[in-house]
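Novice: model the following, please.
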Amino acid sequence: LLKGNKSRVVEGIVSNYTLDRHSTQPRGGESFTVNDIYFEYSDNSIIPGFHQTAAAGGPIRAGQAVRIHYTGDPPRIIRLAIKENKSK
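Specialist: You can find the predicted model right below:
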């Protein structure tokens, strides 16, 4: 999908971030939006693409600048790039 330019891309800030530790999933689920595109997944998802929550060491946090290649409906992450915070 990436090589054939069949994915969509969204860039922006992670907002509406939620890590639901009380989900029916053992480690909970994670959801967020980037420019009105809503992403949701859990560690135990049987889906292709990215689905590692922060509870399992995943990198996504509220307020981060990201670039996400995604496909499908609902959107599934197939490539994730996180902009490094250089203000430290």
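
Novice: what segments of this structure are strands?
Specialist: Counting by DSSP state E, the chain has strands at residues 8-13, 15-20, 29-34, 37-42, 65-71, 76-82.

Novice: pairing partners for the third one, with directions?
Specialist: Strand 29-34 pairs in its sheet with strand 15-20 (antiparallel), strand 37-42 (antiparallel), by DSSP bridges.

Novice: highest mean neighbour count out of those?
Specialist: Mean neighbour counts were taken over the strands paired with strand 29-34 using mean count of other C-beta atoms under 10 Å, and the top value, a mean of 18, falls to strand 37-42. Every residue, glycine included, has its C-beta placed from N, CA and C.

Novice: distance between the ends of stretch 30-39?
Specialist: This stretch, stretch 30-39, spans 8 Å end to end (C-alpha to C-alpha, to the nearest Å).

Novice: now do the buried residues in it.
Specialist: When neighbours are counted by 16 or more other C-beta atoms under 10 Å, the buried residues of stretch 30-39 are found to be 30-34, 39.

Novice: quick one: low-confidence parts of this structure?
Specialist: Scanning the chain for pLDDT under 70 picks out the ranges 1-4, 21-28, 85-88.

Novice: rerun at 50
Specialist: Low-confidence segments of the chain (pLDDT under 50): 24-25.

Novice: show me what contacts T18?
Specialist: With contact set as C-beta atoms under 8 Å, 6 or more residues apart in numbering, T18 has these partners: 30-32.

Novice: export those residues to TSV and append columns for distance to V14.
Specialist: Output for the contacts of T18, formatted as TSV (distance: C-beta to C-beta, whole Å):
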residue	distance to V14
E30	10
S31	10
F32	5
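
Novice: go through the residues you listed and name the one nearest R61.
Specialist: Nearest to R61 among those is F32, at 9.2 Å by C-beta to C-beta.

Novice: quick one, what contacts the closest residue to that closest one other than its chain neighbours?
Specialist: The shortest distance from F32 to any non-neighbouring residue, by C-beta to C-beta, 6 or more residues apart in numbering, is to Y17 (4.3 Å). Going by C-beta under 8 Å, 6+ apart, Y17 touches 30-32, 60-63.
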